[in-house]
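# Dropping a prediction and its sequence here:
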2 protein chains.
Amino acid sequence: MKERQSWRDVRDQIQARLLNGTYAMGDRLPRDEDIAAELGCARSTVQRAMQDLADAGRIDRRRKGGTQVKHSPVTRATFDIPLIRAEVEAKGARYAYRLLSRDLGLPPPTVAASMELPTTAQALHVRALHLADTRPYVLEDRWINPETVPEILSVDLAAISANEWLVRNRPYSRFDLAFCALRAGPEEADLLQIPVGEALFVTDRTTWLGAASITLVRQIAVPGYRIATRS
Amino acid sequence: MKERQSWRDVRDQIQARLLNGTYAMGDRLPRDEDIAAELGCARSTVQRAMQDLADAGRIDRRRKGGTQVKHSPVTRATFDIPLIRAEVEAKGARYAYRLLSRDLGLPPPTVAASMELPTTAQALHVRALHLADTRPYVLEDRWINPETVPEILSVDLAAISANEWLVRNRPYSRFDLAFCALRAGPEEADLLQIPVGEALFVTDRTTWLGAASITLVRQIAVPGYRIATRS
DNA sequence: AAGTGGTCTAGACCACTGA
DNA sequence: CAGTGGTCTAGACCACTTG
């Protein structure tokens, strides 16, 4: 008779109560132990379910203070950011890559600051174009920290993209990511073969190995590019 | 002497091995039980740590198949999407809201399809402007399913934004979210008080209550808008 | 059929924090 | 200082998947 309950079942039951108003906004929920007794499972199962709801931003939990329904639930969304090669191939197109430039030099102050480089430190500046079926797809502008990744200086970046080399050879421990929109200037328009003034989707990323920056990259996608939560 | 280990400690130790090459790409890791014995903790602690690494897209786990280091780690990023009011106020600006239009009518086919509405079903169409210190900040174009949320028809949407009313009165159980970039046409330019052709950051969201759609909304932000992973 | 991850349980103790 | 969430442990059994 007694059904076995997974923590996901418990979470769904509690979520149903959040939705149907049994637990309304601002309410304090019963103690985990009481809910466990009511639902006929162990307290740790309730705890796991509650942790999930808290991670999703729907409840607040505090020791001694108990569990409360949030007044303004935060919307928290997770995106998978694929390798560009994988993304292109998933669309059934042929992936190609073209190195535009590769120079060792002094990065601009904003870049140096984002990567936490000394002001006198040089970095490897790489510009490249990713193509889908010979049509431009993403324009990439990257700085690489040669202190963290000295091997990169001897890699043939015309043969393999910096992105893929890094992913395969230098796993990161942490990264920052941001999205914004950018108006195409003459240079972007020329390289992406689009009219000046088109709206472009931009991804900025900095990756770190411990406290040391690995690379900072701006990827500029063609008009129409779109990124969605994974279903 | 024996330190107590949290699953986060265990995760960090395993991650260190992924970074320093002890476990290289494609390698198979020892069984959870062996790692637990080696690190001096319970198997469930290792299991929790491994689950976290798997969630982050760095390892693959299969029953009987064991745990393997991924060849192409997936980058998985989490964003907090705030209420616009909260976002504006967090920047120290005064939030205001202006209703532009409110009509019951037949949504265009793309909207009806996204919301899974019957082709003959009417929906509430709301257009509104969010302002920061009297300057336009976000332009919102929204369709609301009156089957799911009949009360919305009698709400004074000039007094409270549909967004906030929904958040406070009709929690969702699921949502889809997508980002893209859009070139400002004459209408957006006029309403946001910007030049035609500026690049705008667009957020599209559909929310659901169970299998029924609640609302579909497109939010168009002023130039310079940026969204970043939470640190 | 056997090996490995997935999860639950019961109990214990810890760590906050509000009264 | 007492109440509540946070986490660990040891053991058990389940579920998948590979050989």
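Done, it's in.
# any weak-confidence spans in chain A?
For chain A, the stretches flagged by pLDDT under 70 are A:1-5, A:231.
# again, only this time at 80
Low-confidence segments of chain A (pLDDT under 80): A:1-5, A:73, A:230-231.
# residues touching the closest residue to DNA strand C within it, list them.
Going by CB to the nearest atom of the strand, DNA strand C is nearest to residue A:6 of chain A, at 3.0 Å. Every C-beta, even on glycine, is put in place using the N, C-alpha and C of the backbone. Applying CB atoms under 8 Å, 6 or more residues apart in numbering or on different chains to residue A:6 gives the contacts residue A:45.
# Let me see the residues that make contact with stretch A:201-208.
Contact partners of stretch A:201-208, identified using CB under 8 Å, 6+ apart, comprise A:81, A:114-115, A:166, A:172-182, A:213-221, A:225-227, B:179-181.
# Could you pick out the buried ones from those?
Buried members of the contacts of stretch A:201-208, scored by 16 or more other CB atoms under 10 Å in any protein chain shown, are A:81, A:114-115, A:166, A:172-173, A:176-182, A:213-221, A:225, A:227, B:179-181.
# Domain parsing of chain A, as residue ranges.
Chain A breaks down by automatic domain parsing into domains covering A:7-69, A:84-221.
# With respect to residue B:145, which of those lies nearest?
If you check each of these against residue B:145 by CB to CB, domain A:7-69 wins as the nearest, at 15.7 Å.
# List the contacts of residue A:199.
Residue A:199 touches A:181, A:182, A:183, A:184, A:223, B:181, B:182, B:183, B:184, B:199, B:200, counting by CB under 8 Å, 6+ apart.
# neighbours around the residue nearest to the fourth one when sequence neighbours are not counted, how many?
Nearest-residue entry for residue A:184: residue A:198, 4.5 Å, with adjacent residues in sequence omitted and distances by CB to CB, 6 or more residues apart in numbering or on different chains. The number of residues packed around residue A:198, counting by other CB atoms under 10 Å in any protein chain shown, is 19.
# Relative to residue B:191, how far out is residue A:198?
21 Å (CB to CB, to the nearest Å).
# Kindly report the same for residue A:78.
Taken as CB to CB, the span from residue A:78 to residue B:191 is 32 Å.
# Tell me which stretches of chain A form strands.
A:59-62, A:66-69, A:75-81, A:95-105, A:123-132, A:135-144, A:174-183, A:199-209, A:212-221, A:226-228 (DSSP state E).
# Residue B:22: which of those strands is closest?
strand A:199-209 (15.2 Å).
# Give me the angle between the closest one and strand B:174-183.
120 degrees (axes from the mean of the first three to the mean of the last three CA atoms, to 10 degrees).
# angle of strand A:199-209 against strand A:135-144?
Angle of strand A:199-209 versus strand A:135-144, following the same axes, to 10 degrees, is 40 degrees.
# Just checking: what are the partner strands of strand A:199-209?
strand A:174-183 (antiparallel), strand A:212-221 (antiparallel) (DSSP bridges).
# CSV for the ones you listed, including distance to residue B:147?
Listed next are the strands paired with strand A:199-209 as CSV, based on distance: least, CB to CB, whole Å:
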stretch, distance to residue B:147
strand A:174-183, 33
strand A:212-221, 37
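# what's the distance between the residue nearest to residue A:115 when sequence neighbours are not counted and residue A:172?
Excluding its sequence neighbours, the residue lying closest to residue A:115 (CB to CB, 6+ apart) is residue A:213, at 3.9 Å. According to CB to CB, residue A:213 stands 10 Å off from residue A:172.
# And residue A:60, by the same measure?
Distance of residue A:60 to residue A:172, computed by CB to CB: 31 Å.
# got it, and residue A:142?
Using CB to CB, residue A:142 is found at 14 Å from residue A:172.
# By proximity to DNA strand D, which residue of chain A wins?
Taking CB to the nearest atom of the strand, chain A has residue A:64 as its residue nearest DNA strand D, at 2.8 Å.
# For that residue, give me the backbone phi and psi.
When quoted as degrees, to the nearest 10, the phi and psi of residue A:64 stand at phi 70, psi -40.
# For it, grab the count of nearby residues.
Neighbour number of residue A:64 under other CB under 10 Å is 4.
# Could you dump the domains of chain A into TSV with distance to residue B:125 added?
Converted to TSV, these look like this (distance: least, CB to CB, whole Å):
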stretch	distance to residue B:125
domain A:7-69	25
domain A:84-221	24
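# which stretch among the ones you listed comes nearest residue B:95?
domain A:7-69 (20.0 Å).
# Is that closest one positioned near chain B?
Yes - Domain A:7-69 lies within reach of chain B by CB under 8 Å from any CB of the partner chain, at A:15, A:18, A:19, A:25, A:57, A:58.
# List, one by one, the residues from chain A near DNA strand D.
Within chain A, the positions near DNA strand D by CB under 7 Å from any atom of the strand are A:29, A:31-33, A:43-44, A:47, A:50-51, A:54, A:61-67.
# Check the gap between residue A:79 and residue B:73 for me.
15 Å.
# try residue A:25
Going from residue A:25 to residue B:73 by CB to CB gives 39 Å.
# Correct me if wrong: the residue nearest to residue A:184 contacts residue B:184.
No - using CB atoms under 8 Å, residue A:198 is not in contact with residue B:184; the gap is 11.5 Å.
# Spatially nearest residue to residue A:31 (excluding sequence neighbours)?
Closest residue in space to residue A:31, ignoring its immediate chain neighbours: residue A:66 at 6.8 Å, by CB to CB, 6+ apart.
# And for the one you found, the neighbour number?
13.
# Please tell me how far the closest residue to residue A:39 other than its chain neighbours sits from chain B.
With CB to CB, 6+ apart as the criterion, residue A:39 has its nearest non-adjacent residue at 6.0 Å, and that residue is residue A:10. With the distance defined as CB to the nearest CB, to the nearest Å, residue A:10 ends up 16 Å from chain B.
# Show the contacting residues for residue A:10.
Counting by CB under 8 Å, 6+ apart, residue A:10 has contacts A:35, A:39, A:41, A:45, A:46, A:48, A:49.
# Neighbour count added to the residues of domain A:7-69 next to chain B, as CSV?
Converted to CSV, the residues of domain A:7-69 next to chain B look like this (neighbours: other CB atoms under 10 Å in any protein chain shown):
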residue, neighbour count
A:15, 19
A:18, 21
A:19, 15
A:25, 16
A:57, 15
A:58, 17
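# Take those and keep only those in helices.
Counting by DSSP state H, these place A:15, A:18, A:19 in helices.
# Residue B:209 is in contact with the last one, correct?
By that I understand residue A:19. Yes - using CB under 8 Å, residue A:19 is in contact with residue B:209, at 6.8 Å.
# Find the residues that touch each one of those two.
Joint contacts of residue A:19 and residue B:209 (CB under 8 Å, 6+ apart) are B:171, B:173.
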